[in-house]
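Asks: What would the 3D arrangement of this be:
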Amino acid sequence: MDKTVAALVGCVLLVGCVPEGNARNKEDKIVLSEQDRQALESASTTKEQLTYLYQNFEPVLNRDDTLKGVDADENGIRDDIDEFINALMIPENERGYYQQSARFLQTVFDYDYSAGTEVDTEVADLHSEKLLPIIHCLEQLGLDWDDAVGTKDTVHALTLNTKLRSQHYASYNKALDGTVVEFSEPTGDDCE
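Replies: Residues are numbered from 1 along each chain as shown. The predicted model follows:
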């Protein structure tokens, strides 16, 4: 294999480089065909829908060299992740759960946890407590636990799609090492 082909294969495998010009993805938007809609509607789980979207619209994912990516509408969700969530064929309240979860993850990028100080741990611990309303929301909506958590985890994987983002999240998790979250009671209105 010559060096050019090897470099291209390496680029695709390591950072997901994809040739430009995919007609289905105009201006970094997910444009669903009737075939796409039928495939999404026939999926038995939300996670299957998201997997289908990723397999067919992966070039939409932002891979710039920033932590937060682009959030042009300033709704707290990176625009490409918003595209994937909005393309799901699910009820609006369920979509709200995934948006709430995506917003939570996006705020992890607001602080640098890499120094490993006690303050970093305190900030990470305070941040992790914001996850509780999301868990309560999942329960409040009566979503299938395995599907909802699997879909949320996939959204998080799509969000942490560069080395910089993954390393930052690893620093956040490391800062949380040894901390304990006290579970609170649901308020009945934990969904945003």
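
Asks: pLDDT weak spots in the chain?
Replies: Applying pLDDT under 70 to the chain flags the ranges 1-27.

Asks: Which residue ranges of it form helices?
Replies: 3-15, 34-42, 46-57, 79-87, 92-107, 118-128, 132-141, 145-159, 163-176 (DSSP state H).

Asks: want to throw these into a markdown table with mean neighbour count?
Replies: All C-beta spots, glycine's among them, are computed from the backbone N, C-alpha and C. Shown next, in a markdown table, are the helices of the chain (neighbours: other C-beta atoms under 10 Å):
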| stretch | mean neighbour count |
| --- | --- |
| helix 3-15 | 10 |
| helix 34-42 | 13 |
| helix 46-57 | 19 |
| helix 79-87 | 21 |
| helix 92-107 | 19 |
| helix 118-128 | 15 |
| helix 132-141 | 18 |
| helix 145-159 | 18 |
| helix 163-176 | 17 |
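
Asks: Output stretch 95-107 as CSV, nothing but the C-alphas.
Replies: Output in CSV follows, covering the C-alpha atoms of stretch 95-107 (Å, rounded to 0.1, in the frame of the first residue of the first chain):
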residue,chain,number,x,y,z
ARG,A,95,-36.0,14.3,22.9
GLY,A,96,-35.9,16.8,25.8
TYR,A,97,-34.3,14.2,28.0
TYR,A,98,-31.4,13.7,25.4
GLN,A,99,-31.1,17.4,25.0
GLN,A,100,-30.8,17.9,28.8
SER,A,101,-28.2,15.2,29.0
ALA,A,102,-26.2,16.7,26.1
ARG,A,103,-26.3,20.1,27.8
PHE,A,104,-25.0,18.6,31.0
LEU,A,105,-22.1,17.0,29.2
GLN,A,106,-21.3,20.2,27.3
THR,A,107,-20.9,22.1,30.5
